[in-house]
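# Sequence and predicted model, in that order:
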Amino acid sequence: MKIVVIGGTGLIGSQLVQQLQKAGHEAIPASPNTGVNTLTGEGLNEVLQGAQVVVDVSNSPSFADEPVMHFFKTSNEHLLPAEKAAGVQHHIALSVVGTQKLQASGYFRAKQVQEDLIKTSGIPYTIVHATQFFEFAGGITQMSLAGDQVVLPDAHIQPIASKDVATFLASVALAAPANKILEIGGPEQFDMNAWIQQYLQASHKNNEVVTSSTALYSGAPLETDTLVPEAAAYLGPTTYADWIAQPGNLR
C-alpha cells in the first residue's frame, strides 16, 4: 500500500514512516525537505499519484494567530482537493484532545478549521485527537515561565509517548476510515503541575512550580479535564517514568 505522510520528516512523521516501511508498505515522507510543500502546492500532484492513504501530521512553524491559521487553512485547501483528484481513499489527520474546547486559542481555532475542512472534503477520513506528547514537557515549561516560576493551570493531563502516537497512526492507516474523531492518550493521568515537576527533576532544573486558576494553556483557559480523553480508543503503553529513564529522551 502506498501511504503518503505529510510532515513525514518530523517527530511523529519520521517514526510513522519507519514503522510503515518495516511492515512492508510504501510509506513516503512528504515535507518541504523532500520537495512537497502544502502551503504552495509544490509536489503534491506527483507524490499523491497512486496513493491510497494520506496521513497528515504536519504542524505550523509559527503558533501566532495569523500565521497558524494561514498554515492550516491554506495547506488543507491545497492538500484535500489534490487528494480527491488522485483518488485517495483515506485521509488521516493528527489533532489534539480538547481542540473544540480551546477556541479562545488562535492555534486551536486553526486546528478546528483544519478538521472542518477534512469533514466536508468528501474524502473518507479519520481524525486522531492525541494528548500532549512526553516530548512537549520542556516546551510547556518554557511557555509557562513567569520569572523563575512555572505557572500552570490547575488541570489534569494524560501525556503520551510520541512513538505510541506513531504506532496508533500506523494501525489507523491500515484500517478502514472511521469518519469520526478517535481520542488517544497515555496510560497515566497527572495533575499538570506534578507532570512538569517530574520533568524538571529529571532534567535537573530548579524552577518552582505553582498552579493558578487564571493560568492559560496556549492562550486559552482550561477546565479540569479539557486535555484528558473522554473516551480513549487507545492508551499508549509507555509510562512517563520509563520514558524519562531512556538516555537521550530529555534534551
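Good, I have the coordinates. What you are looking at is a predicted structure, and each value in this text was computed from that prediction instead of being measured.
# Please name the bridge partners of Glu208.
Glu208 forms beta bridges with Gln149, as assigned by DSSP bridges.
# which residues in this protein form helices?
Listed from the start of the chain, the chain has helices (DSSP state H) covering 11-22, 44-48, 65-86, 106-119, 137-143, 162-173, 192-202, 240-244.
# shaky segments in this structure?
Regions of the chain meeting the criterion pLDDT under 70 cover residues 251.
# 90 - rerun?
When residues are selected by pLDDT under 90, those of the chain lie in 62-63, 213, 247-251.
# thinking again about what came up before, which of the helices of the chain sits most buried?
Stretch with highest mean neighbour count among the helices of the chain: helix 162-173 (a mean of 22; mean count of other CB atoms under 10 Å). For glycine as for every other residue, the C-beta is placed from the backbone atoms N, C-alpha and C.
# Now that one - C-alpha only, PDB.
Only the C-alpha atoms of helix 162-173 are listed here, as PDB (Å, rounded to 0.1, in the frame of the first residue of the first chain):
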ATOM      1  CA  SER A 162       5.400  10.100  20.500                       C
ATOM      2  CA  LYS A 163       6.400   6.600  19.500                       C
ATOM      3  CA  ASP A 164       3.000   5.300  20.800                       C
ATOM      4  CA  VAL A 165       1.200   8.000  18.700                       C
ATOM      5  CA  ALA A 166       3.100   6.800  15.700                       C
ATOM      6  CA  THR A 167       2.100   3.200  16.400                       C
ATOM      7  CA  PHE A 168      -1.600   4.100  16.700                       C
ATOM      8  CA  LEU A 169      -1.500   6.100  13.500                       C
ATOM      9  CA  ALA A 170       0.100   3.200  11.700                       C
ATOM     10  CA  SER A 171      -2.800   1.000  12.700                       C
ATOM     11  CA  VAL A 172      -5.300   3.600  11.600                       C
ATOM     12  CA  ALA A 173      -3.500   3.900   8.200                       C
END
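# ok, and what's touching that helix?
Applying CB atoms under 8 Å, 6 or more residues apart in numbering, the external contacts of helix 162-173 come out as 3, 11-12, 15-16, 19-20, 23, 53, 55, 57, 90, 92, 94, 126, 128, 130, 133-135, 178, 182, 184, 186, 234, 236-238.
# try 7 Å
Contacts to helix 162-173, defined as CB atoms under 7 Å, 6 or more residues apart in numbering, come from residues 3, 11-12, 15-16, 19-20, 53, 55, 92, 94, 126, 128, 130, 133-135, 184, 234, 236-238.
# what angle sits between that helix and helix 11-22?
Helix 162-173 runs at 50 degrees relative to helix 11-22, counting by axes from the mean of the first three to the mean of the last three CA atoms, to 10 degrees.
# so how far is helix 162-173 from its chain's centroid?
Helix 162-173 sits 11 Å away from the centroid of its parent chain (CA atoms, centre = their mean, to the nearest Å).
# With stretch 187-205 instead?
Stretch 187-205 has its average C-alpha position 20 Å from the chain's average C-alpha position, going by CA atoms, centre = their mean.
# Show residues contacting it.
By CB under 7 Å, 6+ apart, the surrounding residues in contact with stretch 187-205 are 137-138, 140-141, 150, 152-153, 155-159, 207, 209, 211, 228, 235-237, 239-240, 244, 250.
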